[in-house]
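Q: no sequence for this one, just the structure:
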Ligand code: THU
């Protein structure tokens, strides 16, 4: 699975975004260690704070299916599905990912024109909260 193939899957997932309030559509594709891919989109709610981000939709769907080991996550998003900018995972999603993914977990961002950016969870969320601290 190449980064571009994973990004294509994230774009497909964005087609299912339910974003009647913000109009901001997001799609995510999560690659598991066994090669399977789980998709997510943002799902908004009239009670705004109940909204689920695309990244957490993908993560929780995967965990609910028994997955625990993850390699990378592709994310695309934008207002009305316009992919002119990179859509970075929000802080809450970074923390949610850190429950299952290490600092080297790859996060792949895409936008129109084929430009991509690869970063890591460690770069996006240094000092992630853990109940039990790992030895330094
Ligand atoms: N959103 C995501 O799906 N992922 C993020 O990391 C940030 C924000 C969604 C939530 C909401 O439906 C819309 O984008 C605007 O905040």
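A: Happy to help now that I have it. Everything numeric in this text was worked out from a predicted model, so none of it was measured. Residues are numbered from 1 along each chain as shown.
Q: Report the beta-bridge partner residues of residue 117.
A: When bridges are called by DSSP bridges, residue 117 pairs up with residue 109.
Q: how much space between it and the ligand?
A: Separation of residue 117 from the ligand (CB to the nearest ligand atom, to the nearest Å) stands at 15 Å. No exception for glycine: its C-beta is placed from N, CA and C like everyone else's.
Q: what's around that residue, how many residues?
A: Applying other CB atoms under 10 Å, we find 11 other residues in the vicinity of residue 117.
Q: which ones are touching it?
A: 86, 108, 109, 110 (CB atoms under 8 Å, 6 or more residues apart in numbering).
Q: so what's the first one up against?
A: Residues counted as contacts of residue 86 (CB under 8 Å, 6+ apart) are 109, 110, 111, 117.
Q: what about the residue most central in space within the chain, which SS state?
A: Centroid-nearest residue in the chain, with CA atoms, centre = their mean: residue 55, separated by 3.1 Å. Here residue 55 is recorded as helix under DSSP: H, G, I helix; E, B strand; the rest coil.
Q: With adjacent residues omitted, what lies nearest to it?
A: What sits nearest to residue 55 in space, not counting adjacent residues and going by CB to CB, 6 or more residues apart in numbering, is residue 93, at 4.0 Å.
Q: which SSE is the one you found in?
A: helix 91-98 (DSSP states H and E).
Q: quick one: buried residues of stretch 107-122?
A: For stretch 107-122, a neighbour-count test (16 or more other CB atoms under 10 Å) marks 107, 108, 109, 110, 111, 121, 122 as buried.
Q: Make CSV out of these and add pLDDT and distance to residue 44.
A: Listed next are these as CSV, based on pLDDT from 0 to 100; distance: CB to CB, whole Å:
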residue, pLDDT, distance to residue 44
107, 99, 23
108, 99, 24
109, 98, 21
110, 98, 22
111, 97, 22
121, 98, 25
122, 98, 30
